[in-house]
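Visitor: The sequence and its predicted three-dimensional model are supplied below.
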Amino acid sequence: MNKNRLGKAFFRLRRRGAVVLLGMLLIGITVQSQTVFRNPFDHPILLSGGFGELRTNHFHSGLDFKTKGQTGLPVHAVQKGYVSRISVNAWGYGNALYLDHPDGTTTVYGHLSRFNPLLAAYVKQKQYEKEQFKLDIALPPDSFVFAKGEVIAWSGNTGSSAGPHLHFEVRNTESEEVLDPLEYFRDRVNDHKPPRLKGVKFCPVEGEGVLNHSSNQRKMNVISAGGHTLKIRESLTGWGKIGLAIKAYDYMDNTANTYGVRLISLHVDGEEIYYSDINRFAFSDNHAVNSYVDYPEWRNHRSFYIRTFVEPGNHLPFVYAKHRGYIQIKEERTYQITCRLEDLKGNATVLKFEIKGKKQAIVPRDTTGRTLLRWNELNRFGTKGLRLTIPRGNLYDDCWMSLRTHRDTTDWSDTYTLNDVPVALDKSATLSLWLHQDKLLNKAQYGLILLWKGRSYWQPSHYKKHRVIGEITHLGTYKIGVDTVPPRIRPLSLASGLLRFQITDNLSGVESFRGEINGHYVLFTMDKRMRISYRMDAKRLKHGLQHLVLTVVDACGNESVYKRTFNW
């Protein structure tokens, strides 16, 4: 960390009344600067994904190392450590290893194709003990110790991976905060390219601000002003509180991939009113990405615009703002605004523009037919057939919620649209809907349904006294649905000692699967396409007539059973 950034860090700690944390910050800097990580691969580092990038409902928590489009490359321990955790899953990180190190960090290696042979044997033993494919286990320090550079696994494409790569993280072992791994590899990454600003969006505060005689949000393109400086072509006049959101990406040498922007600052007349540096965060901060960006823009158009203003319920530790980052036009004069984007190597792009202060009529906020939900209070709302409870602190800002109800007595419930603009929640709210008809004997087959762009999404929920109650993560359109259809099992291969099946479910999703041969459990593995497979194992089975029973259950308890007798 350079002196400028260290000075900024101290200023912000002092401003928050937390000078005592400066010592911890300096210790962290010292440890990090003394730690030299080995490249997890034998080829030069190229990245397909960066730390803190914006993803659906979360920030990317590590680096994605390229593997030349291949799987099966040796993955090395970046420093001495022991395996503290192993996880196996068809989703998420897929096959993943966690190594704890003497410097107080934990490194994570995800989407692996296979583990070191000793680890692989241990994992298989545990899967058979628990009689399940999915695994997440903690290990004592003396179980598996690896020296720096030893091969711990081979790269793959398992879990929620869109292509072969290694997902790599650095965590603080004690707090489990994730740290930017690029700090450990910055001298071995070629980067002479600055971030690029793709567009800006002005967001006048409803009832409090106006830009060019309009209170509507407005996107504008940027043009070059020479070098890495940009400007806005249009002339701007404004009055009151105006927020700025930006669409931007970072780039590196020798690759066409795009990355997230590490540092963003906003100055008005030379005074810094906003600063963000995505250098670390806790997993509990993840959902606040929906406040860091313009959430309605993301939900409706799948486009990330980063807000340089901060909602009061936004608790992200790497964001700092004065006056919550709003550009405040109070005088009839010209305001000079500068937005700076910078990467870890110091490459920067600067946007400069001005807003002429001019008194303009500000249209009051329209609250007709709406209910005020306050971000820092417990909110309870009820109407016929619906109850909504939002715990204190789960809204990022006050919300004037609208409600639309579609009544259809032939359906299981009315359909409710909670607000005409998507609103994200920090964790969740409890939604309870009333059943028009309560005919199912198996009450687990009822569930809340989220309707979005013509599709139905099952929400975790339960039945209670003619109501279906569930946890929702944003305000949207909901109704009650039912899932009475069992999963489908389709054979793909039953030859050459390999049993493969495609399993699918119509709504609530596959909850579990179990295979038995001759009455004994056998380990079927699952991939991201919900294909399960088992290779006949001579160490566990005798050749001859085999009786297979495969059972698949969805989240509502609907069950399918596939039986087959064959010779092997």
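Guide: Structure's in. What do you need? These numbers were taken from a predicted model, which means no experiment stands behind them.

Visitor: show me the contacts for W91.
Guide: Applying CB atoms under 8 Å, 6 or more residues apart in numbering to W91 gives the contacts 159-160, 528. C-beta here means a position set from N, CA and C on the backbone, and glycine is covered the same way.

Visitor: PyMOL command for the buried members of the residues you listed?
Guide: Typed into PyMOL, the line below selects the buried ones among the contacts of W91, using 16 or more other CB atoms under 10 Å:
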select buried, resi 159+528
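
Visitor: Tell me the one of the contacts of W91 nearest S428?
Guide: S160 (21.4 Å; CB to CB).

Visitor: Surely that closest one and K528 touch.
Guide: Yes - counting by CB atoms under 8 Å, K528 is a contact partner of S160 at 6.5 Å.

Visitor: Mind listing the shared neighbours of the two?
Guide: 91, 94.

Visitor: hmm, back to that, compile the contacts of W91 into TSV and extend it with columns for pLDDT.
Guide: Listed next are the contacts of W91 as TSV, based on pLDDT from 0 to 100:
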residue	pLDDT
G159	95
S160	93
K528	93
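
Visitor: with the contacts of W91 in mind, which one is nearest to P460?
Guide: Comparing the contacts of W91 against P460 with CB to CB places S160 closest, at 18.8 Å.

Visitor: how about that closest one, phi and psi?
Guide: phi -80, psi 60 (degrees, to the nearest 10).

Visitor: Kindly report the same for Y93.
Guide: phi -80, psi 0.

Visitor: Wasn't R299 part of a helix?
Guide: Yes - assigned with DSSP: H, G, I helix; E, B strand; the rest coil, R299 falls within a helix.

Visitor: count of residues packed around G62?
Guide: Close neighbours of G62, defined as other CB atoms under 10 Å, add up to 26.

Visitor: next one: G357
Guide: 18.

Visitor: What separation do you get for it and R85?
Guide: According to CB to CB, to the nearest Å, G357 and R85 sit 56 Å apart.

Visitor: now do R380
Guide: Using CB to CB, one gets 40 Å for the distance from R380 to R85.

Visitor: what about the two, which has more around it?
Guide: R85 (15 against 11).

Visitor: The more buried one and L139 touch, don't they?
Guide: Yes - if you go by CB under 8 Å, R85 and L139 touch, sitting 6.6 Å apart.

Visitor: how about the helices in this structure?
Guide: Counting by DSSP state H, the segments of the chain that form helices are 3-15, 21-34, 117-130, 182-185, 289-292, 295-301.

Visitor: Let me see the domain layout of the protein.
Guide: Per the record, the chain has its domains at 1-34, 37-188, 196-357, 371-482, 488-567, by automatic domain parsing.

Visitor: can I get those in CSV with distance to R365?
Guide: Formatted as CSV, those follow (distance: least, CB to CB, whole Å):
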stretch, distance to R365
domain 1-34, 31
domain 37-188, 28
domain 196-357, 3
domain 371-482, 7
domain 488-567, 39
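
Visitor: Of all those domains, which one is nearest V363?
Guide: Among the domains of the chain, domain 196-357 sits nearest to V363 (CB to CB), with 5.2 Å.

Visitor: how far is that closest one from where the chain is centred?
Guide: Distance of domain 196-357 from its chain centroid, counting by CA atoms, centre = their mean, to the nearest Å, is 21 Å.

Visitor: Not counting residues beside it along the chain, what's closest to L425?
Guide: Excluding its sequence neighbours, the residue lying closest to L425 (CB to CB, 6 or more residues apart in numbering) is N394, at 4.8 Å.

Visitor: Correction: the previous question concerned R171.
Guide: Leaving aside its sequence neighbours, R171 sits nearest to T106 (CB to CB, 6+ apart; 4.4 Å).

Visitor: got it, and K219?
Guide: Looking at K219 with CB to CB, 6+ apart, the closest residue is K201, at 4.8 Å.

Visitor: count of residues packed around the one you found?
Guide: 19.

Visitor: Next one, pLDDT for it please.
Guide: pLDDT for K201: 98.

Visitor: how about it, what does it touch?
Guide: 217-220, 244-247, 294, 297, 305.

Visitor: cutoff 7 Å now
Guide: By CB atoms under 7 Å, 6 or more residues apart in numbering, the contact list for K201 reads 217-219, 245, 294, 305.

Visitor: Show me the beta-bridge partners of it.
Guide: Beta-bridge pairing for K201 (DSSP bridges): K219, A245.

Visitor: And it, how far from H301?
Guide: K201 is 11 Å from H301, by CB to CB.

Visitor: Now do stretch 528-539: everything it contacts.
Guide: Stretch 528-539 has contacts (CB under 7 Å, 6+ apart) with 90-91, 159-160, 492, 497-504, 510, 513, 515, 522-526, 568.

Visitor: Surely S265 and Y275 touch.
Guide: Yes - at 4.7 Å, S265 and Y275 qualify as touching, with contact defined as CB atoms under 7 Å.

Visitor: what comes up buried for stretch 385-394?
Guide: For stretch 385-394, the buried set under the neighbour-count rule, 16+ other CB under 10 Å, comprises 385-386, 388, 390, 394.

Visitor: Distance from it to the middle of the chain?
Guide: Counting by CA atoms, centre = their mean, stretch 385-394 comes out at 23 Å from the chain centroid.

Visitor: Next, the contact list for the spatially most central residue of the chain, please.
Guide: Centroid-nearest residue in the chain, with CA atoms, centre = their mean: H58, separated by 2.1 Å. Contact analysis of H58 by CB under 7 Å, 6+ apart lists 286, 289.
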